[in-house]
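Enquirer: Only the shape, not the letters, is given here:
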């Protein structure tokens, strides 16, 4: 788990603002769920034999002897809340959420045990246009963040439960015949979740995985038609994609469409956004049968990619630094600063606190990175004026303006 310091949080805030803006433009609504849920929720949704449930969840027993878990992902929480509050059955819901999640896995670049995700879900639509909207929405977010040149889209279909069962049987037969080539994780998955072997990043197993039976050969007609229409929607929207028959997701609840936005610029952990369809999950968690599709964006990795690829990162320097040389001037400065904040909310204004000579205050104003200093000394206080000193333009003379005009002057200057 890691701290986010001020120089980093300004970038995080910029990314989060972009996420909110795009999601609102697609008319999705925010939902907030607790960080702690009953452990059974994740066992029923994610699957008891997944790595997350078996090895990675932070689970504890509370004072009532209930087993609780720090949420390892957001979809199950969103579905639980939707069922509990009657939001899902026989209606369309577009929901999003953002916050911290927890998994006890090996820390890697861009991956932490407390990590942050933005999740997006659509309930009540079973047709592939909903899947297409999810991908278009994620493409828009990546575009707004300037990341489209650094990522690529991979898609696949996991088909129906019946087609996956037929494929699973053939996978078990194939990998069992080559068990001596499997690593420890894959041997364990062979009897629990063989589809996850296809997602192994072990270089020594890639040739074996490449020759494994492909799910496409067992795909039912309805799933194939769904997948074909999705590809037509993406092509019409000019969204390039790659078909990846080995693409699976680490959670048991996915059906039909799965997709990932991946990059080669973050090392082994190259997925920055992933999602897909999960038509059975609502019913699995006790609700009425409801089709659904969604995605999750790894904010830690998105921020890391922004830092590595973008030149003009947001900064935390003030626009204005207020300087005063007497207590009475300081009191007047507080009033003027708040007047500016009220009338020009986007301004960042820093008051000099702690006293000191005007020379020393000017040094601190320059060091702060402010665009200009506003100065109220004894003379300005008596004349109801304020001095404007341009800190980034050496040849710009100091201006003296009336205090009553300061808002209009700053609006024009800033």
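Expert: Ah, there it is. The shown structure was predicted, so the numbers you read here are calculated from the model rather than taken from an experiment.
Enquirer: can you pull the contacts of residue 182?
Expert: 175, 190, 197, 205, 208 (CB atoms under 8 Å, 6 or more residues apart in numbering). C-beta coordinates here come from the backbone N, C-alpha and C atoms, glycine included.
Enquirer: Pull the number of nearby residues for the last one.
Expert: Going back to what we said before, that points to residue 208. 17 (other CB atoms under 10 Å).
Enquirer: With residue 211 as the reference, measure out to the spatially closest residue to it that is not a sequence neighbour.
Expert: Spatial nearest neighbour of residue 208, chain neighbours left out: residue 181 (5.3 Å); criterion: CB to CB, 6 or more residues apart in numbering. Noted for residue 181: a distance of 11 Å to residue 211, by CB to CB, to the nearest Å.
Enquirer: quick one, which of these two is more surrounded?
Expert: More neighbours surround residue 181 than the other of residue 181 and residue 211, with 13 against 9 (other CB under 10 Å).
Enquirer: I figured the more buried one hits residue 206, correct?
Expert: No - counting by CB atoms under 8 Å, residue 206 is not a contact partner of residue 181; they are 11.0 Å apart.
Enquirer: Give me the contact list for the helix or strand hosting residue 386.
Expert: If you go by DSSP states H and E, residue 386 is part of strand 385-390. Contact with strand 385-390 is made by 336, 362, 365, 371-377, 380, 396, 398-403, 406, 409, 413, as judged by CB under 8 Å, 6+ apart.
Enquirer: Give me the subset of those residues that lies in strands.
Expert: If you go by DSSP state E, the contacts of strand 385-390 have 372, 373, 374, 375, 376, 399, 400, 401, 402 in strands.
Enquirer: From residue 396, how far off is the second one?
Expert: Distance, residue 373 to residue 396, by CB to CB: 12 Å.
Enquirer: Looking at those two, which is more packed in?
Expert: Legend: neighbour count by other CB under 10 Å for residue 373 and residue 396, higher for residue 373 (25 against 12).
Enquirer: hmm, back to that, from the contacts of strand 385-390, which would you call buried?
Expert: Neighbour counting by 16 or more other CB atoms under 10 Å classes 336, 362, 365, 371-377, 380, 401, 403, 406 among the contacts of strand 385-390 as buried.
Enquirer: can I get these in TSV with distance to residue 354 and pLDDT?
Expert: Listed next are these as TSV, based on distance: CB to CB, whole Å; pLDDT from 0 to 100:
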residue	distance to residue 354	pLDDT
336	19	96
362	14	94
365	13	96
371	22	94
372	20	93
373	16	96
374	17	97
375	16	96
376	16	96
377	17	92
380	20	94
401	26	94
403	23	94
406	23	93
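Enquirer: Adding distance to residue 128, write those out as JSON lines.
Expert: Converted to JSON lines, the buried ones among the contacts of strand 385-390 look like this (distance: CB to CB, whole Å):
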{"residue": "336", "distance to residue 128": "58"}
{"residue": "362", "distance to residue 128": "63"}
{"residue": "365", "distance to residue 128": "58"}
{"residue": "371", "distance to residue 128": "50"}
{"residue": "372", "distance to residue 128": "55"}
{"residue": "373", "distance to residue 128": "58"}
{"residue": "374", "distance to residue 128": "57"}
{"residue": "375", "distance to residue 128": "63"}
{"residue": "376", "distance to residue 128": "64"}
{"residue": "377", "distance to residue 128": "68"}
{"residue": "380", "distance to residue 128": "67"}
{"residue": "401", "distance to residue 128": "61"}
{"residue": "403", "distance to residue 128": "62"}
{"residue": "406", "distance to residue 128": "57"}
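Enquirer: And those residues, which is closest to residue 17?
Expert: residue 371 (21.5 Å; CB to CB).
Enquirer: Backbone dihedrals for the closest one, please?
Expert: The phi and psi values for residue 371, taken as degrees, to the nearest 10, are phi -70, psi -40.
Enquirer: That one and residue 210: what is the separation?
Expert: Taken as CB to CB, the span from residue 371 to residue 210 is 57 Å.
Enquirer: Quick one: find the helix or strand in this structure with the lowest mean pLDDT.
Expert: helix 51 (a mean of 63; mean pLDDT, DSSP states H and E).
Enquirer: Angles on the backbone of residue 8, please.
Expert: Main-chain dihedrals, residue 8, degrees, to the nearest 10: phi -90, psi -40.
Enquirer: Tell me how many other residues crowd the closest residue to it other than its chain neighbours.
Expert: What sits nearest to residue 8 in space, not counting adjacent residues and going by CB to CB, 6+ apart, is residue 303, at 7.5 Å. By the criterion of other CB under 10 Å, residue 303 has 22 neighbours.
Enquirer: where does the protein have low pLDDT?
Expert: Applying pLDDT under 70 to the chain flags the ranges 47-52, 54, 250-252, 269, 414.
Enquirer: before we move on, what SS does residue 260 have?
Expert: Following DSSP: H, G, I helix; E, B strand; the rest coil, we place residue 260 in the strand state.
Enquirer: Now do the contacts for it.
Expert: 153, 154, 244, 247, 271, 273, 274.
Enquirer: ranking those residues by neighbours, who comes first?
Expert: Going by other CB under 10 Å, residue 273 tops the contacts of residue 260 with 28 neighbours.
Enquirer: That residue - that's part of a strand, no?
Expert: Yes - under three-state DSSP, residue 273 sits within a strand.
Enquirer: now, among the contacts of residue 182, which is nearest to residue 129?
Expert: Residue 129 lies nearest to residue 197 out of the contacts of residue 182, by CB to CB, at 32.4 Å.
Enquirer: what are the ranges of the strands in the stretch 251-400 of the chain?
Expert: 255-262, 271-277, 292-298, 320-324, 349-351, 372-376, 385-390, 399-402 (DSSP state E, counting those that start in this stretch).
Enquirer: If anything else comes up later, I'll come back, but that's it for now.
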